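Student: sharing a model prediction with you, sequence too.
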Amino acid sequence: MAVDALDARILRLMLEQPRTSVREYARILGVARGTVQARLDRLEREGVVTGFGPRLSAAALGHPVLAFVHIEVTQGHLDDVGDRLAAVPEIVEVFSTTGEGDLLTRCVARDNTHLEDVVQKIIRMPGVVRTRTEVAMRERVAHRMLPLVESVGRQAAPGRTG
């Protein structure tokens, strides 16, 4: 999907001011409200915008420990293990990967004892061969998309404004 300069400006506003209305985005950008709405609809339909909603803090929800658990899976059981991992609330993301492991999970826990319980739950799952856990010490770069949006916007041809 091609993102042009106007799309990039809209996405930047959405990231910087997520609670602002489409009407206000249009005013800030100096384009018609219908133009902004049509662009947003297209960006959502084409999968650039994947959702709207708050980003939540696991730490503020009582789960300040963050760990990455690498999982090696018996061949042919990747989908089964993925389905079982989805049933564990402390596992907030799972990715298939290349390299030593087959899956990489991002897990949160109340404390190290709770993290051990979560890892033990993973180890006991049918199809799991072994795990390797890495505890995050400190977040150095928070999840972000704005630098990418700005880079794409600089590379894009100027968009239509009406």
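Tutor: Alright, I've got the coordinates. Computed from a predicted model, the values in this text were never measured in an experiment.
Student: list the buried residues for the worst-scoring helix or strand of the chain on mean pLDDT?
Tutor: Using mean pLDDT, DSSP states H and E, helix 146-155 stands out as the lowest-scoring helix or strand of the chain, at a mean of 88. Neighbour counts over helix 146-155 (16 or more other Cβ atoms under 10 Å) mark 149, 152, 153 as buried. Heads up, the C-betas are built off the backbone N, CA and C, glycines and all.
Student: all strands of the protein, in order?
Tutor: 65-73, 91-96, 103-109, 128-135 (DSSP state E).
Student: tell me which residue is most central in the protein.
Tutor: Geometric centre of the chain, nearest residue: residue 143, 7.6 Å, by Cα atoms, centre = their mean.
Student: find me the pLDDT at the nearest residue to residue 62 once chain neighbours are set aside, would you?
Tutor: Once flanking residues are discounted, residue 62 sits nearest to residue 110: 5.9 Å by Cβ to Cβ, 6 or more residues apart in numbering. Note on residue 110: pLDDT of 98.
Student: hmm, residue 110 is touching residue 63, no?
Tutor: Yes: with contact defined as Cβ atoms under 8 Å, residue 110 counts as touching residue 63 (5.7 Å).
Student: quick one, which of those two is more surrounded?
Tutor: residue 63 (19 against 16; other Cβ atoms under 10 Å).
Student: my read is that that one contacts residue 111, right?
Tutor: No: applying Cβ under 8 Å, one finds residue 63 not in contact with residue 111, separated by 9.1 Å.
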